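1. What follows is a protein structure lacking sequence information:
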């Protein structure tokens, strides 16, 4: 297929070519893969500035998306690639193949670095946020070999899904600490102040009043960001909160559990040993069921199932994509509705061909590189996720370039429960990220 890039795509590719270090924050659907491959192609065969490229990506994206894009476009026909995924034997064989580009999933980065000479002069990290934790083994492994790499590119659409603290590790990998400091302790000291603490133990930090602007200024010279709405014609998006309410008895059980962190349902005692576990349990209760110690579950209410039934009926035959968080959500929904879970390539294909009217997907399975916009335009969040990244990525499976209809996103929320806290948290995190993207947005005119 002949590649006819938009102006913003030409700009982004040229930016990668012109900057040895580049943070490319492209909104979902803008084509970051072909943008990056075009730049790599030019660096390999036009300017001869690189000779061996490593691409690190989520497993499915590494296995399918990058190779599919290389094979799709005529101008990339010279690129030789090798996909380094699968069993150890398969990975070893892939590394023996002579290629311009080696594509590996992020889980095997440590294995690669520990067992092979790291002789790549360009590294592209697809979904840079995979390296937002400086404590992760993959970060520690890659930072050791970072000085050997001439060119580094970080790609993502959600650079700070959990706040500004996420940025340090990502930029430490990109520029070796030149902009935000070589040590996380320095970054915290300069831009943050302690928030939640217990004596000398600090559990969280919050930005100082002028930190956002200072951080954006520090990274602006190697960062470009683009929002889809500024460059491509996007469908209309409608977000709707559909609220349900527990009965007084159900709400009393919920409140008691929240207060005491112990709930007895059908003589099964369930302990929430910390805030994270409690949060998870409360989300389950808000959805209508909760796991017991023996991994079974008991049902508290069916309010969300009733609301889901109403929404499906209101769709009047239009395909609906239901997002669930817990396995018991999946099981209870399957019991009431004739629904197909989207997990395989065949199921994704059937959805896009309009053969599945009612589908379910988990947000961690609906992430990077998955196009579902041809199969429907209605999303129903039966249970929410705290992760802004998963939330936005899942919505972007339908709300993206190529979608013909208005995208309707429903949140089924249980009133006066943690559901409302999650929605608020997602909105607050989104504001931080929006500020980041706006601050470093490409200063360019697009015709």
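-> Cool, the structure landed. As the structure is a computational prediction, the values presented were derived from the model and not from experiment. Residues are numbered from 1 along each chain as shown.
2. Who's the closest spatial neighbour of residue 104, skipping the chain neighbours?
-> residue 84 (4.2 Å; Cβ to Cβ, 6 or more residues apart in numbering). Placement of C-beta: from N, CA and C, glycine included.
3. ugh, wrong one, residue 173
-> In space, residue 173 is closest to residue 131, 5.6 Å off (Cβ to Cβ, 6+ apart).
4. show me what contacts that neighbour?
-> Residues near residue 131 by Cβ atoms under 8 Å, 6 or more residues apart in numbering: 106, 125, 138-139, 142, 169-170, 173.
5. same thing but 6 Å
-> Counting by Cβ atoms under 6 Å, 6 or more residues apart in numbering, residue 131 makes contact with 139, 169-170, 173.
6. Count the residues that sit near the residue nearest to residue 104.
-> 26 (other Cβ atoms under 10 Å).
7. what ranges do the strands span in the stretch 1-150 of the chain?
-> 21-26, 53-57, 81-84, 101-105, 122-126 (DSSP state E, counting those that start in this stretch).
8. Take those and lay them out in JSON lines including distance to residue 398 and mean pLDDT.
-> Output for the strands of the stretch 1-150 of the chain, formatted as JSON lines (distance: least, Cβ to Cβ, whole Å; pLDDT from 0 to 100):
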{"stretch": "strand 21-26", "distance to residue 398": "18", "mean pLDDT": "95"}
{"stretch": "strand 53-57", "distance to residue 398": "22", "mean pLDDT": "97"}
{"stretch": "strand 81-84", "distance to residue 398": "28", "mean pLDDT": "98"}
{"stretch": "strand 101-105", "distance to residue 398": "25", "mean pLDDT": "97"}
{"stretch": "strand 122-126", "distance to residue 398": "21", "mean pLDDT": "97"}
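9. how about those, which one is nearest residue 231?
-> Shortest distance between residue 231 and the strands of the stretch 1-150 of the chain, using Cβ to Cβ, is found for strand 21-26: 9.5 Å.
10. any idea how far the closest one is from the chain center?
-> Relative to its chain's centre, strand 21-26 lies at 16 Å (Cα atoms, centre = their mean, to the nearest Å).
11. That strand packs against which elements?
-> strand 151-156, helix 167-175, strand 223-226 (3 or more Cβ pairs under 6 Å, 6 or more residues apart in numbering; DSSP states H and E).
12. mind checking which of these is nearest residue 355?
-> Here strand 151-156 is closest among the helices and strands packed on strand 21-26 (Cβ to Cβ), at 32.4 Å.
13. Sheet-wise, list the partners of that closest one with their directions.
-> strand 21-26 (parallel), strand 122-126 (parallel) (DSSP bridges).
14. would you turn those into CSV with distance to residue 164 and mean neighbour count?
-> Below are these laid out as CSV (distance: least, Cβ to Cβ, whole Å; neighbours: other Cβ atoms under 10 Å):
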stretch, distance to residue 164, mean neighbour count
strand 21-26, 14, 24
strand 122-126, 19, 25
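15. Let me have those in JSON lines, extended by distance to residue 151.
-> As requested, the strands paired with strand 151-156 are exported to JSON lines (distance: least, Cβ to Cβ, whole Å):
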{"stretch": "strand 21-26", "distance to residue 151": "7"}
{"stretch": "strand 122-126", "distance to residue 151": "4"}
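16. so the residue nearest to residue 104 touches residue 94, yeah?
-> Yes - contact criterion Cβ atoms under 6 Å: residue 84 and residue 94 qualify, at 4.3 Å.
17. Where do the helices of the stretch 151-300 of the chain begin and end?
-> For the stretch 151-300 of the chain, the helices defined by DSSP state H, counting those that start in this stretch cover 167-175, 184-191, 211-219, 228-231, 248-260, 275-287.
18. Which positions in stretch 313-326 come out as buried?
-> 315, 319-326 (16 or more other Cβ atoms under 10 Å).
19. need the strands for the stretch 251-400 of the chain, in chain order.
-> Going by DSSP E, counting those that start in this stretch, the stretch 251-400 of the chain shows strands at 262-265, 268-271, 289-291, 297-299, 320-323, 340-341, 358-361, 378-381.
20. by contact count, what packs against the fourth one?
-> In other words, strand 297-299. strand 289-291.
21. Do me a favour and average the pLDDT over the strand it packs on.
-> If you average the pLDDT over strand 289-291, you get 92.
22. What pairs with that strand, parallel or antiparallel?
-> In the sheet, strand 289-291 lines up with strand 297-299 (antiparallel) (DSSP bridges).
23. Just checking the distance from the strand it pairs with to the centre of its chain.
-> Counting by Cα atoms, centre = their mean, strand 297-299 comes out at 30 Å from the chain centroid.
24. picking up where we left off before, and the strands of the stretch 1-150 of the chain as TSV, adding distance to residue 7?
-> Putting the strands of the stretch 1-150 of the chain into TSV (distance: least, Cβ to Cβ, whole Å) gives the following:
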stretch	distance to residue 7
strand 21-26	14
strand 53-57	25
strand 81-84	27
strand 101-105	26
strand 122-126	22
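25. between those, which one is nearest to residue 392?
-> strand 21-26 (12.6 Å).
26. contacts for that closest one?
-> So strand 21-26 is contacted by 16, 32, 152-155, 157, 159, 174-175, 222-226, 437 (Cβ under 6 Å, 6+ apart).
27. Please enumerate the helices of the stretch 1-150 of the chain.
-> Using DSSP H, counting those that start in this stretch, helices in the stretch 1-150 of the chain cover 7-18, 32-45, 59-60, 66-72, 88-96, 109-115, 137-145.
28. comparing the helices and strands packed on strand 21-26, which gets the lowest mean pLDDT score?
-> strand 223-226 (a mean of 91).
29. how many other residues sit next to the closest residue to residue 251 other than its chain neighbours?
-> Leaving out its chain neighbours, the residue that sits closest to residue 251 by Cβ to Cβ, 6+ apart is residue 416, at 6.9 Å. Residue 416 sits with 14 neighbouring residues when counted by other Cβ under 10 Å.
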